[in-house]
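What follows is a predicted protein model with its sequence.
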Amino acid sequence: MAANYSEKEIFILGIESSCDDTSAAVIRNETILSNVVAGQKVHEAYGGVVPELASRAHQQNIIPVVDLALKQAGITAGLISAVAFTRGPGLLGSLLVGTSFAKGFALAKGIPLVEVNHLQAHVLALFIREPENEHPVPDFPFLCLLVSGGNSQIVLVRDHLDMEIIGQTIDDAAGEAFDKCAKVMGMPYPGGPFIDRLAREGNPDRFIFTKPRIKGLDYSFSGLKTNFLYFLRDQLKGNSGFIEENKADLSASLQKTIIEILMGKLIRATRLMNIGNVAVAGGVSANSGLRDAMRKEAHKRKWNLFIPKFEYTMDNAAMIALAGYYKFRKGDFTGQDAVPFARTQL
Ligand code: KG4
């Protein structure tokens, strides 16, 4: 039975399929009504996302996930004002599934289609409201450290849809550094959460790893990854049990290095821009060490700090729906001829 909502309210159905999570969400204005995420276990055995398998799993998941999102929101498809979908960046085959579904849904219901940039949506996750749970949202302008499996950026956010990248990785992303180093230690994909867990039991000062010397506000993580790999290779020559015996200390020391790299440039950016509103977003913002470091610096430097709720740090359709809501209000709609893109800037 559909709930009785006012006609002035805007309902957006969000669709996210950029990588290996199929997600659908419904929001009423800025408030989330449902957010369903179907992960894909199939990739674990391969140590990374296999694009072809991801597309197939999206194709299987998309209808049941949307169905459940509508049911959990307590509304019928006829009440949806617009459908927002991730157009990119991401895996093309995966994006095609969400894009095609969104186009079909919009056409069938005679409602607007709204394209969303996945990275912009990660930042907007900070603005998701829950029905019973009010939380402070950042004032503009603010600086957001956007760290995920594919991106590491410092973003100057002037408004919901006005963002500028002022620093970014020139090679690997922070999430990639976590995942690739975890793989070398024999951990499943994605390894970031495993390193996070192990790091809590380890000594972060036991091993010293390379930090990049990159000018300005840009990041680099490929040197650290190579340093970590060569260090393990050398140690394993003398002791084949080195990784197993030192996993917690290795994790803690690696995590500490990644966090110091991330925080160093972020602190520099706040000084350069003279901005005290600071946020973090993206999958790596789930990292407990990074969250602690952000809180510590915020206290020391008197930042107003904003950290998204854990479930909105990962890929999810709630953030896509919310980005779609802001675009919908501006009348920023997309045509049926839209095609996904693999790479893009904000
Ligand atoms: O944002 P996201 O879900 O997907 C992308 O759009 O990339 O981020 C996934 C990344 C993976 O690299 C994963 O290892 C990392 O976020 N991640 C973490 C943690 N949770 C997820 N990295 C470190 N610590 C965590 N707790």
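Arrived safely. Numbering: from 1, shown residues only.

wait, what's in contact with the residue nearest to Ala286 when sequence neighbours are not counted?
Spatial nearest neighbour of Ala286, chain neighbours left out: Thr313 (4.5 Å); criterion: C-beta to C-beta, 6 or more residues apart in numbering. All C-beta atoms are positioned from the backbone trio N, CA, C, and that covers glycine. Contact analysis of Thr313 by C-beta atoms under 8 Å, 6 or more residues apart in numbering lists Ala125, Ala281, Gly282, Gly283, Val284, Ser285, Ala286.

Can you check the pLDDT for the first one?
Reading off the confidence values, Ala125 has pLDDT 96.

The closest residue to the ligand within the stretch 1-150 of the chain - how many residues pack around it?
Nearest residue of the stretch 1-150 of the chain to the ligand (C-beta to the nearest ligand atom) works out as Gly149 at 2.9 Å. By other C-beta atoms under 10 Å, the residues close to Gly149 number 23.

SS state for it?
Counting by DSSP: H, G, I helix; E, B strand; the rest coil, the backbone at Gly149 sits in coil.

Could you pull up the contacting residues of it?
Cys19, Ala173, Gly175, Glu176, Asp179, Pro190, Gly192, Gly283, Val284.

OK, contacts around the nearest residue to the second one once chain neighbours are set aside?
Counting by C-beta to C-beta, 6+ apart, Ser152 is the residue found nearest to Ala173 once chain neighbours are left out, at 4.6 Å. By C-beta under 8 Å, 6+ apart, Ser152 lies in contact with Leu146, Gln168, Thr169, Ala173, Ala174, Gly175, Tyr219, Phe221, Leu262, Val284.

Same question for Leu266.
By C-beta under 8 Å, 6+ apart, the contact list for Leu266 reads Leu143, Leu145, Ile154, Val278, Glu297.

Strands - which of those land there?
When the contacts of Leu266 are checked against strands (DSSP state E), the matches are Leu143, Leu145, Ile154, Val278.

ok, those vs Phe231, which is closest?
Nearest to Phe231 out of those is Leu145 (C-beta to C-beta; 26.6 Å).

Which residues of the stretch 51-200 of the chain lie near the ligand?
For the stretch 51-200 of the chain, the residues in contact with the ligand (C-beta under 6 Å from any ligand atom) are Ser148, Gly149, Gly150, Gly175, Phe178, Asp179, Pro190, Gly191, Gly192, Pro193, Asp196.

Widest-spaced pair of these?
Using C-beta to C-beta, the pair of those lying farthest apart is Gly150 and Asp196, separated by 18.4 Å.

before we move on, back to that, may I ask which of the residues of the stretch 51-200 of the chain next to the ligand has the most neighbours?
Neighbour-wise, those (other C-beta under 10 Å) top out at Phe178, 30 neighbours.

Dump stretch 284-302 to CSV, keeping only the CA atoms.
Coordinates of the C-alpha atoms in stretch 284-302 are reproduced here as CSV (Å, rounded to 0.1, in the frame of the first residue of the first chain):
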residue,chain,number,x,y,z
VAL,A,284,38.5,5.0,2.0
SER,A,285,36.8,7.5,4.4
ALA,A,286,35.4,4.4,6.1
ASN,A,287,39.0,3.8,7.4
SER,A,288,39.0,4.1,11.2
GLY,A,289,42.6,5.5,11.3
LEU,A,290,41.8,8.2,8.7
ARG,A,291,38.7,9.1,10.7
ASP,A,292,40.7,9.4,13.9
ALA,A,293,43.4,11.5,12.2
MET,A,294,40.7,13.8,10.7
ARG,A,295,39.1,14.2,14.2
LYS,A,296,42.5,14.9,15.8
GLU,A,297,43.5,17.5,13.2
ALA,A,298,40.0,19.1,13.4
HIS,A,299,40.4,19.5,17.1
LYS,A,300,44.0,20.9,16.9
ARG,A,301,43.2,23.3,14.0
LYS,A,302,39.6,24.2,15.0
